[in-house]
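> just to be clear, the model below is a prediction. Sequence and coordinates:
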Amino acid sequence: MAMNDNMRSRLIPLLAVFCVTSGFSQQRIDSYENPAPSSVEFFGKPSFMMRSFAFPAGDDGKATIEIRLSMVYDLLQFVKHAPDRYHAAYEITAAIVDAKSNEVAGKIFRNEIAVQRYEDTNSRTSTCDETIRLDVPPGDYTLTLDIMDLDTQKHLRREEELKVSDFVDGQLQVSTLVFVNYKRPLAVRDSLSFNLNSTLRPRRELHGIYFEIKDISGDSVAVQYTIRNQRDEQIDRWSEKLAAGTTAHLVDMEKWIKTPGQYSIEVYVRDNKIDRTRKESFVVMSSPESNGVNMLPRATGFYEPLRYIAKGGEYKRIASSPEAQRDSLIVDFWKQRDPTPDTPENELLDEYNRRLDFAIASFSVSTIGRSGWQTDRGRIYIQNGQPTDVQRQMPSPRGGARYEIWYYKSLDRSYIFRERSNGGEYELVGQQ
C-alpha cells in the first residue's frame, strides 16, 4: 500500500521511538523523499559461490563430481589493453585426492574475461561462471580448488570433503539434490540454472529440485519426498513411482514454497534391492506481493534473527517459551511495533522481512553452510538497513585481506569488515 504524506508524518516519529528502544533503524522508510540507490547496486551478488554435486557417471562404477562456481567481476584484476577494452585472466586448478593424498582426478585450465567499460571491471552483478567435471570411483575424498588471478598472482582457495561411497556399479545410484531455476520444465542438466545458495523466491522464477538416478533394479523405483520446517516438523509428504528408464528427474517446488522461512527436503528412493536417502536445506524468501498479514508466518516460524532487534529480556522470553506460546509472543512483538495499526499492513515487519531476505540472498556463505543472517554483515544490515555508502579496499598484489567499510549518515557511524581467510565471509573488526 502506498503511503501518503499524512501517514508518513505519523510513521517516522513512531519509528524513531522504536529505533531508540531496540536499535532497529528504519532507514528505508525514512528515505522516501530522497531514495538512495538500491541495496543490489551497493552489494550486487555474493563475491564467490561454489558448490560440488555428485552425479552417476557414464562409466560404470564411477561418479561425476560437478563443481559449479561463480565469481563477480570485482573479484578479478582487469588490465587495460585498449581505450575500450579491459582484460582479466585467471587459472583454475581442481584436484580430488584420496585419504593417502593421492590425486585421483584433476584439471587445470585458464580463462579470460573482456569488457569495454571501466565501470564493468568493478561490477558486482556480472559474474564469471564455471563448471568443472571430474570422474572418480566410489570413496571418500578431499576436493581442493585454487583460482589464481594471472595478473596479481593472488590465489583464492577452497577445500571440502566429498563422500561418494553410494555410487557402486550395479546398485541403485542417486545424485545430489540440486535446487534449480528454469524457464520451462526440461529435465536436462545443462538447460537448468543451478541455485548455488539454495534460496527460493516465490513468483519471480520457477523453482525445482533436480536429481538423477541410475541402475534401478526392477520395473520402477519408489520415491518419497518429505519437507520439514526449521523446527524439524513435517509440513508435507508425498510419493511417486518412476519408471526404470528414468535417469533425470525435475520436481516442481512451487506448491511448497508459499511461506517464507528455512526448510529441508528429504528424498527417499527405493527399488527392489536397496534404498538411498538424500537431504538438502533451503530458504524461502518473501514474495514481493506479500503484505504484513501473510508475512507473519516468517516472524513466528523463523525467530532467531529477532535477537538483533529485540531487547535482551524480550528475546530471552521468546526463545525460552514453548512453541505455541512463542508464536503468540512474536505476533504481539510485531503488533506493538506496528506504525499503522489501523491498516492490514505492518510496515516495520515488511521492512524487517525485506532486510532479512536481502541478508540471506547477499551474505550467505554456502561453502561453510552459513546463512546470510548469521554473518556480521547480515546482522548490521538487519539492524540498520542499507548503508549510505560502501567502500571496498582491495588487497595489494603481495596479499592481504579485502575490506568493506559501510557508512551510515543517519548514525554518523562506519562499520569495518574484513574478509576471513576462507573467503566469502566478512567479520566485523571495528566501527568508528
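Structure received. Numbering: from 1, shown residues only.

> mind listing what's buried in the host helix or strand of Arg278?
Assessed by DSSP states H and E, Arg278 sits inside strand 275-284. Residues of strand 275-284 classed as buried: 276, 278, 280, 282-284 (neighbour count, 16 or more other CB atoms under 10 Å). Placement of C-beta: from N, CA and C, glycine included.

> got a list of what Arg418 touches?
Residues near Arg418 by CB atoms under 8 Å, 6 or more residues apart in numbering: 401-403, 426-427, 429.

> sorry, wrong one. I was asking about Val188.
Contacts of Val188 (CB under 8 Å, 6+ apart): Ala248.

> and with 6 Å instead?
If you count contacts by CB atoms under 6 Å, 6 or more residues apart in numbering, Val188 has none.

> ok, Phe363 next?
Neighbouring residues of Phe363 by CB under 6 Å, 6+ apart: 372, 375, 377-378.

> excluding its backbone neighbours, what's nearest it?
Gly372 (3.5 Å; CB to CB, 6 or more residues apart in numbering).

> neighbours of that neighbour, just the number please.
Per other CB atoms under 10 Å, the neighbour tally for Gly372 reads 25.

> touching, it and Asp357? I think so.
No: using CB atoms under 6 Å, Gly372 is not in contact with Asp357, being 9.2 Å away.

> so which strand or helix has the nearest residue to Met253 once chain neighbours are set aside?
What sits nearest to Met253 in space, not counting adjacent residues and going by CB to CB, 6+ apart, is His207, at 4.6 Å. Using DSSP H and E, His207 falls within strand 206-214.

> just Gln391 next, same as before
Assigned by DSSP H and E, Gln391 belongs to strand 389-393.

> quick one: buried residues of that strand?
Residues Val390 are the ones in strand 389-393 that count as buried (16+ other CB under 10 Å).

> quick one: strands adjacent to that strand?
In the sheet, strand 389-393 lines up against strand 403-408 (antiparallel) (DSSP bridges).

> check the offset of whatever helix or strand comes next after the partner strand from the chain's centre.
Next helix or strand after strand 403-408 toward the C-terminus (DSSP H and E): strand 413-419. Here the centre of mass of C-alpha atoms in strand 413-419, compared against the chain's by CA atoms, centre = their mean, to the nearest Å, lies 21 Å away.

> for strand 413-419, buried residues please.
Neighbour count says strand 413-419 has 414-419 buried, by 16+ other CB under 10 Å.

> strand partners (parallel or antiparallel) of that strand?
When pairing is defined by DSSP bridges, strand 413-419 lines up against strand 403-408 (antiparallel), strand 426-431 (antiparallel).

> tell me the gap between the first one and the middle of its chain.
Averaging C-alpha positions (CA atoms, centre = their mean) puts strand 403-408 22 Å from its chain's average.

> which residues are contacting it?
384, 387-393, 414-418.

> same check, this time on stretch 196-214
Defining contact as CB under 6 Å, 6+ apart, one finds that stretch 196-214 is touched by 49, 51, 55-56, 173-175, 177-182, 192, 246-253, 257, 282-285, 287, 360-361, 364, 366.

> before we move on, what about stretch 222-238?
Stretch 222-238 is contacted by residues 239-242, 256, 262-270 when judged by CB under 6 Å, 6+ apart.

> let's see it at 7 Å
Stretch 222-238 has contacts (CB atoms under 7 Å, 6 or more residues apart in numbering) with 239-242, 256, 261-270, 301-302, 323.

> in that stretch, what counts as buried?
For stretch 222-238, by 16+ other CB under 10 Å, it's 223, 225-229.

> ditto for stretch 80-99
86-90, 92-97.

> export the residues you listed as TSV, with columns for distance to Ile216.
Output for these, formatted as TSV (distance: CB to CB, whole Å):
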residue	distance to Ile216
Tyr86	51
His87	49
Ala88	45
Ala89	45
Tyr90	41
Ile92	35
Thr93	36
Ala94	31
Ala95	32
Ile96	27
Val97	32
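
> out of those residues, which is nearest to Glu119?
Tyr86 (10.1 Å; CB to CB).

> partners of whichever helix or strand comes after the strand holding His207 in the sheet?
Following strand 206-214 in sequence order, the next helix or strand is strand 220-229 (DSSP H and E). In the sheet, strand 220-229 lines up against strand 234-243 (antiparallel), strand 261-270 (antiparallel) (DSSP bridges).

> buried stuff in the last one?
Along strand 261-270, the positions that meet the burial threshold by neighbour count (16+ other CB under 10 Å) are 261-263, 265-270.

> domain map for this structure?
Domain ranges of the chain: 5-35+288-431, 47-169, 170-285, per automatic domain parsing.

> can you add mean pLDDT and give those back as a markdown table?
Formatted as a markdown table, the domains of the chain follow (pLDDT from 0 to 100):
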| stretch | mean pLDDT |
| --- | --- |
| domain 5-35+288-431 | 73 |
| domain 47-169 | 91 |
| domain 170-285 | 86 |
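
> before we move on, the earlier item: give me the phi and psi for the residue nearest to Phe363.
Gly372 adopts backbone torsions of phi -60, psi -30, taken as degrees, to the nearest 10.

> show the contacting residues for it.
The neighbourhood of Gly372, defined by CB under 7 Å, 6+ apart, consists of 359-364, 378.

> please repeat the previous calculation with a cut-off of 6 Å.
By CB under 6 Å, 6+ apart, the contact set of Gly372 is 359-360, 363-364, 378.
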